[in-house]
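Trainee: whatever this is, show me its structure:
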Amino acid sequence: MQNDEPTLAAEYDSNAEAWAAHGLLKSAGIPSFLKSSMPSMRQPDWAHEGEFGNLLIVPRQFLEQARELLSCQVSEADLMEAAESAAQPDPDADA
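Mentor: Sure thing, here's the model as predicted:
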């Protein structure tokens, strides 16, 4: 398997938790993205209704580091701060 293969790091029931975790990883320099496990209208899979969540995906090479960071005891305030900073545009991005 390749080191940059997308790998599931965590799954969350709420959007807020998922975005906070994503922000935490981003602030630590760990690349990640969120994917919904909810079926699309084009390809519904109602057999799993009620089991939908937000999947936090990282490259395989960052999996251990991401899971370690996500398993740390972090206060809700810290998570919200990380999510807010991740949502703000990077001022250096336009440079």
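
Trainee: quick one: list the elements packing against the strand or helix carrying residue 7.
Mentor: Assigned by DSSP states H and E, residue 7 falls within strand 6-12. On a contact count with 3 or more CB pairs under 8 Å, 6 or more residues apart in numbering; DSSP states H and E, strand 6-12 meets helix 15-27, strand 54-59, helix 63-71. Glycine gets a C-beta too; all of them are placed from N, C-alpha and C.

Trainee: where does this protein have low pLDDT?
Mentor: For the chain, the stretches flagged by pLDDT under 70 are 1, 38-53, 73-74, 89-95.

Trainee: distance from stretch 65-82 to the middle of the chain?
Mentor: Distance of stretch 65-82 from its chain centroid, counting by CA atoms, centre = their mean, to the nearest Å, is 11 Å.

Trainee: got the contact list for the strand holding residue 7?
Mentor: For strand 6-12, contacts defined as CB atoms under 8 Å, 6 or more residues apart in numbering pick out 18, 21, 25, 32-33, 37, 53-60, 62-63, 66-67, 70.

Trainee: buried among these? Make that a ChimeraX selection.
Mentor: A single ChimeraX command selects the buried members of the contacts of strand 6-12 (16 or more other CB atoms under 10 Å):
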select :18,21,25,32,53,54,55,56,57,58,59,62,63,66,70
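
Trainee: got the contact list for the residue lying closest to residue 31 once chain neighbours are set aside?
Mentor: What sits nearest to residue 31 in space, not counting adjacent residues and going by CB to CB, 6 or more residues apart in numbering, is residue 59, at 6.1 Å. Under the criterion of CB under 8 Å, 6+ apart, the neighbours of residue 59 are 3-7, 31.
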